[in-house]
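this one's sequence-less:
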C-alpha cells in the first residue's frame, strides 16, 4: 500500500519549504510498504549547520501552517545541526549536512522504494517566465 494522501501532502509541503531555503538534493521516498511506522521520508541537504537549522525551521513553520497544524512528535539532532530528524508520524524529515548525507547514504539504503515526484515551484515559475520572454 503506497503512502497516504496526507503523507504525500505533508512530504510535498516539507520539500517545498526546504527548497525555499535552498536545500539541495531533495528526495521524497515512499517507505509505506517497507515500514509500518511511517509512510514517507523527506531527505534534504545543506552545506552548513546554519542552513540545516534554517531549513528545519522553515519546514516546521510550513507544516504547522497547514489546516491540520502538523507538529513533530519527536525532534532529534538540533543541537549539533548536522543531521536533524523531524518525526511527524506520517512522514519523517531528515535534513542533513552534505557530508552526513554522503556518508550515511539514506537514498541508497532505501533505493528499492518508490520516490514521490517533487518539482520546486520556483523552478517551474522560472521556466514559465523564461518561455514567456522568448
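Okay, I see it. Values in this document were obtained by computation on a predicted structure and should not be read as measured data. Numbers count the residues shown, from 1 in each chain.

and the residue nearest the centre of the chain, which of the three is it?
Centroid-nearest residue in the chain: residue 42, 3.3 Å away (criterion: C-alpha atoms, centre = their mean). Taken by DSSP: H, G, I helix; E, B strand; the rest coil, the conformation at residue 42 corresponds to strand.

which ones are touching it?
Contacts for residue 42 (C-beta atoms under 8 Å, 6 or more residues apart in numbering) come out as 11, 14, 15, 18, 26, 27, 28, 59, 91, 92, 93, 94. Bear in mind the C-beta positions are built from the backbone N, C-alpha and C, glycine included.

now, which of those lie within helices?
11, 14, 15, 18, 59 (DSSP state H).

and the fourth one, how many neighbours?
Spelled out, that is residue 18. Counted with other C-beta atoms under 10 Å, the neighbours of residue 18 add up to 27.

got a list of what the closest residue in space to it that isn't next to it in sequence touches?
Nearest non-adjacent residue to residue 18, counting by C-beta to C-beta, 6 or more residues apart in numbering: residue 44, 4.2 Å away. Contact partners of residue 44, counting by C-beta under 8 Å, 6+ apart, are 15, 18, 23, 24, 25, 26, 27, 55, 93, 94, 95, 96.

returning to what we had before: for the contacts of residue 42, which one is nearest residue 73?
Distance to residue 73 across those (C-beta to C-beta) is lowest for residue 92, with 10.3 Å.

Run a quick neighbour tally on that closest one.
23.

Can you tell me who it pairs with across the strands?
residue 41, residue 87 (DSSP bridges).

Test my guess that it contacts residue 86.
Yes: counting by C-beta atoms under 8 Å, residue 86 is a contact partner of residue 92 at 7.1 Å.

re the thing from before, give me the distance between the residue nearest to residue 18 and residue 102.
Residue 44 sits at a distance of 14 Å from residue 102 (criterion: C-beta to C-beta, to the nearest Å).

before we move on, what about residue 119?
From residue 119 over to residue 102 the distance is 24 Å, taken as C-beta to C-beta.

Which parts of this structure are strands?
Counting by DSSP state E, residue ranges of the strands within the chain are 24-30, 40-46, 74-76, 83-87, 91-97.
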